[in-house]
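Enquirer: okay, predicted coordinates and the sequence, questions at the end:
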Amino acid sequence: MKDKFYNYILQLQDTITTKLTEIDGLATFKEDVWERPEGGGGRTRVIENGKVFEKGGVNISGVHGKLPKSIQDYFGVKDANFFACGLSLVLHPKNPMVPTVHANWRYFEMYNKEGHLVDQWFGGGQDLTPYYLFEEDAVHFHTICKRACDAHNPAFHETYKKKCDEYFWNTHREEARGIGGLFFDYCKATENIGMEDWFHFVSEVGNSFLEAYVPIVIKRKELPYTQAHMDWQEIRRGRYVEFNLVHDKGTLFGLKTNGRIESILMSLPPHVQWVYDHHPEKGSTEEQLLNVLKAPKDWV
């Protein structure tokens, strides 16, 4: 399974970066192929200072070795080895009317000290972080997410949409990072669903990404904006940074497994503001967004 999924994300990275380069029309992705001393490596692709994308990355990795003690303690195992691979992307558009987007699709295996496979699972998802709320965009994104879920199990969308709202929650701010999407983890084989079935589900979601995001970018990328819009965008980007550095399990896993720091922190935006005790004006479009982030809603 690990070879099958790794080959899938190699192809998906090509598909996504080709399309995003076409949309930007100015910048291209810089590629870094890297190796991890403890085992494995990856292929990082970053786009910067484009016409549409101020900064973004579409990265794949496949790493293996001894599971660090802190993570062994978390899983309650000893002398365990692991293999982990996945594709992770974050795109920070230039225009504040275009939302930031994040997605990843990953696969994990754990082995005992004799090298026997003792556990395996899939995880992933995709979520949207707008700075200005266009409800039709939210409906579109969630509709595509629901369609990908419904192709496999009618209960998946409600379950994984809720998990997304719960996961991407800045508890110290009491607000969501964005307007959600899908989040799933520890997707393991049971008597009702096998690993091959999980592979098809995760790849279905991965294949849906461009359809979920690209129409929004095309619709909003030429809208006019002011310095005030950019200031709000950068303030909200600060909340994005807070989540990634305080709460995100993927970031913490990468740091604890000696991952490539440039790839791990690729998700951080280039320009951010932290304004002391900032509150938007009453009745403003900025406040409208905050009201939704305080109480996540169902869009479809």
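Expert: Perfect, thanks for sending it.

Enquirer: which residue lies nearest the spatial centre of this structure?
Expert: Ala103 (2.7 Å; Cα atoms, centre = their mean).

Enquirer: got the contact list for the closest residue to that residue other than its chain neighbours?
Expert: The shortest distance from Ala103 to any non-neighbouring residue, by Cβ to Cβ, 6 or more residues apart in numbering, is to Gln126 (3.7 Å). C-betas here are computed from N, CA, C, even on glycine. By Cβ atoms under 8 Å, 6 or more residues apart in numbering, the residues touching Gln126 are Val101, His102, Ala103, Asn104, Cys145, Gly181, Leu182, Val205, Ser208, Phe209, Ala212, Tyr213.

Enquirer: one more pass at 6 Å, please.
Expert: Ala103, Gly181, Leu182, Phe209 (Cβ atoms under 6 Å, 6 or more residues apart in numbering).

Enquirer: now do the helices in the protein.
Expert: Along the chain, counting by DSSP state H, helices occupy 2-24, 69-75, 135-150, 156-167, 195-220, 227-246, 249-256, 261-264, 285-294.

Enquirer: is it possible to get TSV of those helices that adds mean pLDDT, distance to Gly40 and mean neighbour count?
Expert: Below are the helices of the chain laid out as TSV (pLDDT from 0 to 100; distance: least, Cβ to Cβ, whole Å; neighbours: other Cβ atoms under 10 Å):
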stretch	mean pLDDT	distance to Gly40	mean neighbour count
helix 2-24	98	10	17
helix 69-75	81	16	13
helix 135-150	98	28	19
helix 156-167	98	26	19
helix 195-220	98	20	19
helix 227-246	97	22	18
helix 249-256	82	12	16
helix 261-264	86	12	16
helix 285-294	97	37	16
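
Enquirer: Serialize these to TSV and add fields for distance to Val46.
Expert: What follows is the helices of the chain, written out as TSV (distance: least, Cβ to Cβ, whole Å):
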stretch	distance to Val46
helix 2-24	10
helix 69-75	27
helix 135-150	24
helix 156-167	25
helix 195-220	18
helix 227-246	16
helix 249-256	16
helix 261-264	8
helix 285-294	28
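
Enquirer: tell me which of those helices lies nearest to Val63.
Expert: helix 249-256 (9.1 Å; Cβ to Cβ).

Enquirer: what sits up against the closest one?
Expert: Pro68, Ser70, Asn244, Ile264.
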